[in-house]
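Engineer: Based on what follows, work out the 3D shape:
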Amino acid sequence: MSKMKITSAPFDRASSSVFSMQMDMLFALTLIIVGSCFVYGAQALILYLFAVFGSFFIEFLWNGLGKNQWKIYDASSIITGILFASLLPIHTPTLAVILGAMFANGCIKVLFGGIGKNFVNPAAMGVLVVSYVLGSLSTYMGSGITQNMLQSPFVLVTENTPFTWHIFYNLLLGNVQGSIGGVMVALSLVSVLYLLLRKTVSWRAMVPAIVTYALIIVIWKGVVCLPYYLCAANFIFIMVFMLTDPSTSPNSAVSTMFFGGVYGIMSGILVCVGTLENLSCVVALLVANICVPLLEKALYPKQARGKIV
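Structural biologist: Numbers count the residues shown, from 1 in each chain. Predicted coordinates:
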């Protein structure tokens, strides 16, 4: 009987399943790209192309310098670029898009050993770099990066806003300001059905995330605001495409459910506080990623923790 050591995230997943998972994710993200281009026009496609180029180029360069076998078939660099671009506003400067994508894939994923070994989601960290680090260089990058990053559909919602189907439809279909992919709520919901049927993602993190997030919104903002807030701040998009990332989520079922709960709670709190606006759920995801080793350590059986079994 072979020996196996119980460890905590990040985990290097089996390479045999990488191709099918990445192809499913690419197909689902294609729906988001098409929807973004329909709403925002050719500028959205340009933004996606620059983000994919930056992510793709840094991995190509790293593998070339390191004389490693370049596994282009897993498409991880392309997916990172798409996810990164999806969380950007339409008017993000081109140079900021390229540098942010290079940082996301290069510093957060490649430097840690490649796919499956990063401890936080690369795209989410790249968005923070673009919004705050590159935002401080507005003289060179173009003005208003941070201000644009914070724009969200929350401007349509207050505690006293009555529920109207017009506002809800706009939020659901992405006819609002915000990130070009994060506002595609309806398409994200279609995508998650496909990914669940394909067993590419699991419900275990998503259900606790929705329940805890909804509870905080209802308690803090009231029931009338719940439909609006479920469609805002990239919550659904991040939950579908990034919370379910196997490399930055726990390995056990119970830990995964608590992981989803952490994301939902942090998202609810940050959204209700309102300081970060459209970046609220991005920060919440990073916090949940950082908590993964703690959750695994706390929830694994004590008698097996750290032992060879």
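
Engineer: Near residue 23, how many other residues are there?
Structural biologist: Using other C-beta atoms under 10 Å, the number of residues around residue 23 comes to 15. Quick note: C-beta positions are derived from backbone N, CA and C, even for glycine.

Engineer: what pLDDT does it get?
Structural biologist: Reading off the confidence values, residue 23 has pLDDT 88.

Engineer: The one 3 residues further on now?
Structural biologist: Predicted confidence (pLDDT) for residue 26: 92.

Engineer: wait, doesn't residue 102 sit right on residue 59?
Structural biologist: No: assessed by C-beta atoms under 8 Å, residue 102 is found out of contact with residue 59, at 9.4 Å.

Engineer: pull the CA atoms of stretch 169-177 into CSV?
Structural biologist: In CSV, the C-alpha atoms belonging to stretch 169-177 read as follows (Å, rounded to 0.1, in the frame of the first residue of the first chain):
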residue,chain,number,x,y,z
TYR,A,169,-33.4,43.2,-16.0
ASN,A,170,-30.6,45.7,-16.6
LEU,A,171,-28.6,44.2,-13.8
LEU,A,172,-29.3,40.7,-15.0
LEU,A,173,-28.4,41.4,-18.6
GLY,A,174,-25.4,43.6,-18.0
ASN,A,175,-26.8,46.9,-19.2
VAL,A,176,-25.0,48.7,-16.3
GLN,A,177,-21.6,50.1,-15.5
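
Engineer: Can you mark which positions in that stretch are buried?
Structural biologist: Across stretch 169-177, burial judged by 16 or more other C-beta atoms under 10 Å covers 170, 171, 172, 173, 174, 176.

Engineer: of all the residues you listed, which two lie farthest apart?
Structural biologist: By the measure C-beta to C-beta, 172 and 176 form the most distant pair in the buried residues of stretch 169-177, at 9.6 Å.

Engineer: Other residues contacting the host helix or strand of residue 126?
Structural biologist: Here residue 126 sits within helix 122-128, counting by DSSP states H and E. Contacting residues not belonging to helix 122-128 are listed as 80, 83-84, 86-88, 100-101, 103-105, 108-109, 149, 238, 242, 279, 282-283, 285-286, 289 [C-beta atoms under 8 Å, 6 or more residues apart in numbering].

Engineer: hmm, 7 Å instead?
Structural biologist: Residues lying outside helix 122-128 but in contact with it, judged by C-beta atoms under 7 Å, 6 or more residues apart in numbering, are 80, 83-84, 87-88, 100-101, 103-105, 108-109, 242, 282, 285-286.

Engineer: same thing with stretch 98-106?
Structural biologist: In contact with stretch 98-106 (C-beta under 7 Å, 6+ apart) are residues 50-51, 53-55, 57-59, 62, 77, 80-81, 84, 122-123, 125-126, 129-130, 134.

Engineer: again, but for stretch 212-219
Structural biologist: For stretch 212-219, the surrounding residues in contact (C-beta under 7 Å, 6+ apart) are 225, 226, 229, 235, 261, 264, 265, 267, 268, 269, 272.

Engineer: Distance from it to the middle of the chain?
Structural biologist: When C-alpha coordinates are averaged (C-alpha atoms, centre = their mean, to the nearest Å), stretch 212-219 and its chain have centres 20 Å apart.

Engineer: do the same with stretch 278-294
Structural biologist: Here the centre of mass of C-alpha atoms in stretch 278-294, compared against the chain's by C-alpha atoms, centre = their mean, lies 10 Å away.

Engineer: Quick check: buried residues in the longest helix along the chain?
Structural biologist: The helix spanning the most residues in the chain, taking DSSP state H as the definition, is helix 42-66. Using 16+ other C-beta under 10 Å as the test for burial, helix 42-66 gives 44-48, 50-59, 62-63.

Engineer: Residue 119: what secondary structure?
Structural biologist: On the three-state scheme (DSSP: H, G, I helix; E, B strand; the rest coil), residue 119 is labelled coil.

Engineer: just to revisit the earlier point, and the helix or strand just after the longest helix of the chain, what does it pack against?
Structural biologist: Once helix 42-66 ends, the next helix or strand along the chain (criterion: DSSP H and E) is helix 76-86. Here helix 76-86 is seen to pack against helix 18-40, helix 42-66, helix 94-108, helix 122-128 when contacts are counted using 3 or more C-beta pairs under 7 Å, 6 or more residues apart in numbering; DSSP states H and E.

Engineer: Thank you, goodbye.
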